[in-house]
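> could you look at this predicted model? Sequence included:
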Amino acid sequence: MAKTIPLVEKILGANERMATENRALFDAAGVKAFNLMASPGAGKTSLIELTVKSLLPMRRVSVIDGDIETSIDAERAEAAGAVAIQINTGGECHLDAFMVNTALKQLALTNLDLLIVENVGNLVCPASFQLGTHKSVLIASTPEGDDKPYKYPTMYRGVEALVINKIDLLPYVSFDMQHFRKGVEILNPGLVTFPLSCKTGEGLESWIDWIIQITKE
Amino acid sequence: MHELPVTESILEIALRHAAKAQAKRITHLYLVIGQLASIVDDSVQFYWDIISKDTIAEGAVLHFKRLPATFACLDCQHQFSPDGSDFACPACKSERVKVVSGDQFYMEAIDIEN
């Protein structure tokens, strides 16, 4: 006998339940966790290096690095002074809550104030997978162009803060800040935004202050 | 390309509900996907054919109900689906608009045979 079973179930519900578990682990240990997302080359690892250096020794920081292959990024985070765990996704284009949960088992969370998760460089897939972190942060960079909010709306909609990196290149690249920000404002009204340059250090202070503020909460 | 884990979730949800209903076969799956959900139907179908093999869902037909993104103009209240390179209201050209919907991504129903 044929019949229809009506159901309304979120396709990524299992990931979301694991993300909730991760969040509970962070909260129990008193750690604030950040999910850093960006396209390849936007400056995720550079921003992490600078952030770790600025926060040590005030804050105890660890980094979970997601990459398809290699441990280059984790090594850079370690060189900056953080305890880093590498996740090689083996071809998968994003981190999910299960991979992060596995990595958390290698960390003494109670010894930490701040955990930075560096997602795989990609503006599409990471947006769909919650990790359980307190803040999702997107790093845009000026050479990518000002049309990115319009082309990747899901990513821009799902974040709690936006870094606009490489502002030192503004005179050389075609990036209309007003057009860019207009798209961001529609998708994510009032989004906290940090224009900065990892190269020159301009604007970095407000970003660091924001992180310090959140790890105090 | 995150469609493999997505398709695995689709299979898991369908098999779980089918087992609860003691189904012998799953024949159709009805998925709802908003325009802002970044899912490619063809990729899901590609993975589906591979991973549903040798399960009671093998050969089941995937139905994708695509919902357009809906934006609302804050100045003239016109509702529209954005296309092209900006989000401006097509009625009054205002750029003061907000997103109403488009993020949906869920399974609505499955058809089974007992």
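In hand now; what should we look at? Residues are numbered from 1 along each chain as shown, chains lettered A, B, ... in the order given.

> for A:S54, what are phi and psi?
Reported as degrees, to the nearest 10, the phi and psi values for A:S54 are phi -70, psi -30.

> what about it, distance to chain B?
Going from A:S54 to chain B by CB to the nearest CB, to the nearest Å gives 33 Å. Glycine gets a C-beta too; all of them are placed from N, C-alpha and C.

> give me the number of residues near the residue in chain A that chain B sits nearest to?
Chain A approaches chain B most closely through A:C125 (3.7 Å), counting by CB to the nearest CB. Look at A:C125: counted by other CB atoms under 10 Å in any protein chain shown, it has 23 neighbours.

> for A:W210, same thing?
By the criterion of other CB under 10 Å, A:W210 has 16 neighbours.

> with the one 5 residues further on instead?
Neighbouring residues of A:T215 were enumerated by other CB under 10 Å; the total is 20.

> my guess is it meets A:L112, correct?
No. A:T215 lies out of contact with A:L112 (CB atoms under 8 Å); the separation is 9.8 Å.

> list the residues that contact the residue nearest the centre of chain A.
Geometric centre of chain A, nearest residue: A:L36, 1.1 Å, by CA atoms, centre = their mean. Contact analysis of A:L36 by CB atoms under 8 Å, 6 or more residues apart in numbering or on different chains lists A:K44, A:L47, A:I48, A:I116, A:V117, A:E118, A:N119, A:V137, A:I139.

> now do the lengthiest helix in chain B: distance to the chain's middle.
Counting by DSSP state H, the longest helix found in chain B is helix B:3-20. Taking the mean of its C-alpha atoms, helix B:3-20 sits 14 Å from the chain's own mean (CA atoms, centre = their mean, to the nearest Å).

> residue of chain B nearest chain A, please.
B:H2 (3.7 Å).

> now do the contacts for that residue.
Counting by CB under 8 Å, 6+ apart, B:H2 has contacts A:E92, A:C93, A:H94, A:V124, A:C125, A:S128, A:F129.

> not counting its neighbours along the chain, what's nearest it?
Closest residue to B:H2 in three dimensions, ignoring its sequence neighbours and counting by CB to CB, 6 or more residues apart in numbering or on different chains: A:C125, at 3.7 Å.

> picking up where we left off before, from the contacts of A:L36, which land in strands?
Among those, the members found in strands (DSSP state E) are A:I116, A:V117, A:E118, A:V137, A:I139.

> how about the nearest residue to the last one, chain neighbours excluded?
Leaving aside its sequence neighbours, A:I139 sits nearest to A:A38 (CB to CB, 6+ apart; 3.8 Å).

> was I right about the one you found contacting A:Y152?
No. Counting by CB under 8 Å, A:Y152 is not a contact partner of A:A38; they are 10.8 Å apart.

> which SS class is residue 106?
Using chain A. coil (DSSP: H, G, I helix; E, B strand; the rest coil).

> that's the wrong chain, I wanted chain B
Applying three-state DSSP: B:Y106 is strand.
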